[in-house]
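S.K.: kindly generate the corresponding structure for this input.
(2 chains)
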Amino acid sequence: MATYTRNNAWNNGGTFNNPDLLWYAKGVGVMQFRALDDTSSWWFFAAIHGEYIGESGFPGWGSIPAPPSVPTAPLPAQDVRDTYWDQCQHQSWYFPPWHRGYLIALEAQIRAAVVGLGGPADWALPYWNYFGPDDEYEIPPAFTQQTLPDGTTPNPLFVAARYGPNNDGNIFIPIPPVSQGCEGNDVYTGSDPATPLPGFGGPETGFSHQGDVSGNLESNPHNQVHVDVGGNSPDGETWGLMSDPGIAALDPVFYLHHGNIDRMWAAWNNNGNSNPADPNWLNGPAAVGEREFAMPMPDGSSWVYTPEMVNSLSQLDYTYDDLSVAVAPQPAVRLARRLSKLRAANAAANAAPGAAMNTGDSSELVGSNNQALQIKSSGARAVVRLDSDVRGKVSASLSAASETSPPDHVYLQLENVRGTRDSYKLNVSVNQQHAGTVALFGLRRASLKDGAHGGEGLTFVLDITNIIDNLFVDDALDVNTLDVRIVPNQSVADSADITVGRVSVYRQGQQ
Amino acid sequence: MRISARESARVNASILLVSAAAWAVLLVNPGGATALAHCPVTDSGVSAASFRMLLAMNPVSSLAAGWALMLVAMMSPMLVTPIRHVLERSFKRRRARSVTLFVVGYAAVWMAAGGVLLGARLTSSLLMPRSYLPAVVAGVVAFVWQCAPVKQRCLNRGHRHRELAAFGAAADLDALRFGVTHGVWCVGSCWALMLFPMLLSQGHLAGMAAVTFLMVSERLEQPRPLGWRLRGAGKLTRIVAAQTRIRLHGLLSRSGPSLSGSGSV
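M.R.: Numbering: from 1, shown residues only, chains lettered A, B, ... in the order given. Have a look, this model is predicted:
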């Protein structure tokens, strides 16, 4: 039996009648009382994820609307900042393990504060499972109260800059498009019939504060929940804390969201799926010459950890009250279903059950549009011209599909997406069929020319295999172009300056 | 979307092989390709006669060939990432053509820069033949440039891999333009480092090797905010050390954190 069990924040109605939440609020309050340069302060921990302390104007920390009143001084020494700040791992296969260690360190700090206040020594961080029944898609009510149950003490869980998907302060997660479909993957990095690229946990990377493509767990639900909770201010001038990685961890609901993401990873492992065995993953970024994961602990020491050290919850003496998954991978079943759709029913009937082979990340360009797009409130349209020879390969692959010759996967790629605001989602369709929704979490940082991503922006990969299958089945794949439409989920501020560098289509052979 | 691991390994191996071949030529004939030839006339001070003799003993074609060989040896390893970008964003049948255009654009910029750097080398050879002083001055300039914000700007821009058109002349033009812009930022980042070994009257190859190690290392670093800082070869050194450790000793074992409230580690 693990010492620490993380429980559902919606227990006891998600109010302060849930002792996990009441102690969390009190612990956050203790940490918020500490100075910025105190490694055990709320502000220091937020900066570990990412910070805009030196920036003037929003989202600079000095311009964030209270509560909370965010300090910008005193700064820690440069070597301390270099060790701890701006570590967050996104668009990377290190995304799950880095955030697991981050949660554990924050939790240790909160627990120390809770114990200091006379609370339970086995206190653990609750998680917000927005996929739960009834009203659990809404933020637990304890986060919306302005005071603690005494009626006078300000509630540390309440923040002003939390606007929700409709920008009106009503915080909920729209399901769909937010989904737990990634639990149906069975490959951490790579792909197979049950796993679209780049895989459940993310693409192989070096040390990447901002990288290239999000893994499937990170893309949905993680990124989407961030943007849904944060939203934009009603006047459209600013955005919510959760929408942007440089301010996200200032909002206490951040850690309950990541508790759920961590729970989903643990449930995925619990369902028989494996994490990478590659030494470059197990040893973390230090294996590729980058700085190590490091967290300050309550006694002032530094915990330097690797993915291998947080590979499973049991080795950390942790568990969750619920490690069930909603979607089973069943790659053979998925392949058989697809083959059946492709009129290869006889072959599909012979498909052997069992895990499919990881087909890695080998891909080939099929076509692209010819100019960058500006995303306005009305959206944008791209005509993706297909190369007839490569399109012919896709058609041939679908025509010859069998259990021994699996059909191609096809992906739509939005390349070099840049902008100054993360708080939007883009709904993407191909030939009037919905291809997916992407959230722009991390866009601003990835677009800074002198930021960690060199201004390359973000790239989004959408699995459009099903759409291509439909076109094939309808004898409509023999076309020279695809009609791609990109529509934002809400009105886009002109200052957001969102552009898509190129829209392309790739095929991925399965052998 | 990425090229496959096998393709990636092939690309890496090809590029490193080309670099290694160039290094082999330099090592086999260390004085032939890149060193300046001298005689009593060229060492006699600044005069039209000494300049003519210097050019006669070191014709422009020979200097250009030596410079090109240096570029292939020293710069090839740094082209792995942009060449992979070109491969990934191009149709398979166009890949060789696009990569060629990228390399042509990149090399053209460096050859143009070579005209200036070789001019500086000839001038220093006339003014101070067989002296270490020009190399010392170049070393100081390289050090200051190495620490300057403008160097970081060049490094950061070198990480920016532009969108590439896929079809027709637009694809050709984009590949060429990408090579030119990448070359411009590369020259901005590396010109001073390249000048230093060129001015060494002895230890030319050792200087080139050290500078190559440094340039590859700093190119592996992520983009950073502009500012004055010492930029060294730490990244590549750490990679070599870490990968050696992994291969020699297997996975590292470390103790986990204390998860109690006191949180000792």
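S.K.: which parts of the stretch 151-300 of chain A are helices?
M.R.: A:216-217, A:224-230, A:253-270, A:279-282 (DSSP state H, counting those that start in this stretch).
S.K.: repeat for chain B
M.R.: B:5-28, B:48-57, B:60-75, B:80-88, B:95-127, B:133-147, B:149-158, B:168-198, B:204-220, B:234-249 (DSSP state H).
S.K.: mean pLDDT lowest where, among these?
M.R.: Mean pLDDT across these is lowest at helix B:48-57; the value there is a mean of 77.
S.K.: packing partners of that helix?
M.R.: helix B:95-127 (3 or more CB pairs under 8 Å, 6 or more residues apart in numbering or on different chains; DSSP states H and E). The C-beta positions use only the backbone N, C-alpha and C, and glycine is treated the same way.
S.K.: buried ones in the helix it packs on?
M.R.: Taking 16 or more other CB atoms under 10 Å in any protein chain shown as the neighbour-count basis, helix B:95-127 is seen to contain the buried residues B:95, B:98-99, B:101-103, B:105-107, B:109-110, B:113-114, B:117-118, B:121-122, B:124-126.
S.K.: in JSON lines, list the helices of the stretch 151-300 of chain A along with mean pLDDT.
M.R.: Putting the helices of the stretch 151-300 of chain A into JSON lines (pLDDT from 0 to 100) gives the following:
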{"stretch": "helix A:216-217", "mean pLDDT": "96"}
{"stretch": "helix A:224-230", "mean pLDDT": "98"}
{"stretch": "helix A:253-270", "mean pLDDT": "97"}
{"stretch": "helix A:279-282", "mean pLDDT": "93"}
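S.K.: so for chain B, which of those helices sits nearest?
M.R.: Smallest distance to chain B across those (CB to the nearest CB): 4.8 Å, for helix A:279-282.
S.K.: what comes into contact with the closest one?
M.R.: Contact with helix A:279-282 is made by A:93-94, A:189, A:204, A:275-276, A:287-288, A:306-308, A:311, B:246, B:251, as judged by CB atoms under 8 Å, 6 or more residues apart in numbering or on different chains.
S.K.: partner strands of the strand or helix carrying A:Y411, with direction?
M.R.: Using DSSP states H and E, A:Y411 maps to strand A:409-418. Here strand A:409-418 is paired, per DSSP bridges, with strand A:458-463 (antiparallel), strand A:498-508 (antiparallel).
S.K.: still on that earlier bit, which one of the contacts of helix A:279-282 sits closest to A:A336?
M.R.: A:T189 (24.8 Å; CB to CB).
S.K.: report how many residues lie close to the spatially closest residue to the closest one that is not a sequence neighbour.
M.R.: In space, and not counting its chain neighbours, A:T189 is closest to A:G199: 4.3 Å by CB to CB, 6 or more residues apart in numbering or on different chains. A:G199 is flanked by 26 other residues according to other CB atoms under 10 Å in any protein chain shown.
S.K.: make a markdown table out of the contacts of helix A:279-282 and add distance to A:N155.
M.R.: Shown next, in a markdown table, are these (distance: CB to CB, whole Å):
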| residue | distance to A:N155 |
| --- | --- |
| A:W93 | 37 |
| A:Y94 | 34 |
| A:T189 | 41 |
| A:E204 | 42 |
| A:N275 | 37 |
| A:P276 | 41 |
| A:A287 | 43 |
| A:V288 | 43 |
| A:T306 | 37 |
| A:P307 | 35 |
| A:E308 | 39 |
| A:N311 | 36 |
| B:I246 | 48 |
| B:L251 | 45 |
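S.K.: if any of these are buried, put those into a PyMOL selection.
M.R.: The PyMOL selection below is limited to those of the contacts of helix A:279-282 classed as buried (16+ other CB under 10 Å):
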select buried, (chain A and resi 93+94+189+204+275+276+287+288+306+307+308+311) or (chain B and resi 246)
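S.K.: least confident pick among the contacts of helix A:279-282?
M.R.: Among those, B:L251 carries the lowest pLDDT, at 54.
S.K.: hang on, the earlier thing: now the residue nearest to A:T189: how far from chain B?
M.R.: Using CB to the nearest CB, to the nearest Å, we find A:G199 at a distance of 12 Å from chain B.
S.K.: how near is that residue to B:V109?
M.R.: Distance, A:G199 to B:V109, by CB to CB, to the nearest Å: 38 Å.
S.K.: ditto for A:A9
M.R.: For A:A9, the distance to B:V109 (CB to CB) stands at 57 Å.
S.K.: any idea how many residues pack against A:V461?
M.R.: A:V461 has 24 nearby residues by other CB under 10 Å.
S.K.: low-confidence bits of the stretch 251-400 of chain A, can you list those?
M.R.: In the predicted model of the stretch 251-400 of chain A, residues A:328-332, A:343-362 satisfy pLDDT under 70.
S.K.: again, 50 this time
M.R.: Low-confidence segments of the stretch 251-400 of chain A (pLDDT under 50): A:345-355.
S.K.: write out the residues of it neighbouring chain B.
M.R.: A:279, A:282-283, A:286-290, A:295, A:297-299, A:301-306, A:308-309, A:315-318, A:360-365, A:367-368, A:370, A:372, A:385, A:387, A:389-390 (CB under 8 Å from any CB of the partner chain).
S.K.: quick check, pLDDT for A:S405.
M.R.: Looking at A:S405, the pLDDT reads 82.
S.K.: got it, and A:Y102?
M.R.: For A:Y102, the model assigns a pLDDT of 98.
S.K.: contacting residues for the nearest residue to A:I64 once chain neighbours are set aside?
M.R.: Nearest residue to A:I64 in three dimensions, chain neighbours excluded: A:V70, at 4.9 Å (CB to CB, 6+ apart). Taking CB under 8 Å, 6+ apart as the criterion, A:V70 is in contact with A:W43, A:W61, A:G62, A:I64, A:L250.
S.K.: now, which of those residues sits nearest chain B?
M.R.: Distances from chain B to the contacts of A:V70, taken as CB to the nearest CB, are shortest for A:W61 (16.3 Å).
S.K.: near chain A, which residues of the stretch 51-200 of chain B show up?
M.R.: B:88-93, B:152-153, B:156-157, B:159-167, B:170.
S.K.: can you tell me which of those residues are buried?
M.R.: B:88-91, B:152-153, B:156-157, B:159-166.
S.K.: how much space between the residue most central in space within chain B and B:R224?
M.R.: The centroid of chain B falls nearest to B:M75 when counting by CA atoms, centre = their mean (3.5 Å). From B:M75 across to B:R224, the span is 22 Å (CB to CB).
S.K.: go on, B:A9?
M.R.: In this view, B:A9 and B:R224 are 29 Å apart by CB to CB.
S.K.: and for B:A65?
M.R.: Taking CB to CB as the measure, B:A65 falls 37 Å from B:R224.
S.K.: repeat that for B:T237.
M.R.: Here the criterion is CB to CB. By it, B:T237 lies 18 Å from B:R224.
S.K.: the closest residue in space to A:N7 that isn't next to it in sequence: neighbour count?
M.R.: Excluding its sequence neighbours, the residue lying closest to A:N7 (CB to CB, 6+ apart) is A:D321, at 4.8 Å. A:D321 is flanked by 13 other residues according to other CB under 10 Å.
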